[in-house]
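**Q** below is the structure, and that's it, no one-letter string:
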């Protein structure tokens, strides 16, 4: 990250993100548990929408860096800003995927948090929560950083990947308990990953408003064979 990254983050969080969100009629509502600002963390959440990046920027004031797909830089305007706030990875290139760890280590050494959306694939509107990749959990354990899981409860319904049936409104973000990693090691990665997956999945299933499940039902109804 460049030395001026904190300024880049400030612009992304305080100008770009609210301009997009409020301009589209969205309001962020935080529910559950959110840690104090300042502590470096690994941030993870389910990924159901292009709007997730802007939502995440509004959640934390303390600067953090995204790990994101290289393809996202091709999106007009979004890509121009996002590539300055992210470690870009080409998922089709093993060298690029491996290189993420080295770049993330440099970011963590500077005191930044890292945000990773851990789902392997995420554009299938019929799937509630895809299997997770190991990257976020491996980084958290290797660097003994607490992991903060969040659940985006409404994005799948209100701004899905295929936006023909989205609508403006409140986007709830459920903060879950931070998970410390100081007692974990490499052999715990799989169990750690499964625990976080289960926590996020349970919140989606038990959401009183059932937004994500309703989004799936609506998609199947409108686009059934």
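**A** Okay, I see it. Since the model is a prediction, treat every value here as computed from it, not as a measurement.
**Q** and the longest helix for this structure?
**A** helix 189-206 (DSSP state H).
**Q** shaky segments in this protein?
**A** Residue ranges of the chain with pLDDT under 70: 1-3, 68-86, 88-101, 163, 223-225.
**Q** what's next to the longest helix of the chain, contact-wise?
**A** Helix 189-206 has contacts (C-beta atoms under 8 Å, 6 or more residues apart in numbering) with 44-46, 118, 128-129, 131-132, 134, 137-138, 140-141, 147, 149, 151, 153, 174, 176, 179, 181, 184, 212-213. No exception for glycine: its C-beta is placed from N, CA and C like everyone else's.
**Q** secondary structure class for residue 148?
**A** With DSSP: H, G, I helix; E, B strand; the rest coil as the basis, the three-state label of residue 148 is strand.
**Q** now it: closest residue in space, sequence neighbours ignored.
**A** residue 41 (4.7 Å; C-beta to C-beta, 6 or more residues apart in numbering).
**Q** the one you found: how many residues sit nearby?
**A** Residues contacting residue 41 under the criterion other C-beta atoms under 10 Å number 20.
**Q** wait, isn't it in contact with residue 143?
**A** No. Assessed by C-beta atoms under 8 Å, residue 41 is found out of contact with residue 143, at 10.6 Å.
**Q** ok, residue 8 - how many residues close by?
**A** With other C-beta under 10 Å as criterion, residue 8 counts 17.
**Q** measure it to residue 66 for me?
**A** 12 Å (C-beta to C-beta, to the nearest Å).
**Q** tell me where this protein has helices.
**A** 5-11, 17-23, 52-59, 78-82, 94-109, 135-142, 155-158, 189-206, 211-222.
**Q** list the buried residues of the first one.
**A** Within helix 5-11, the residues scored as buried using 16 or more other C-beta atoms under 10 Å are 5, 8-9.
**Q** list just the nearest of the residues you listed to residue 111.
**A** residue 5 (11.0 Å; C-beta to C-beta).
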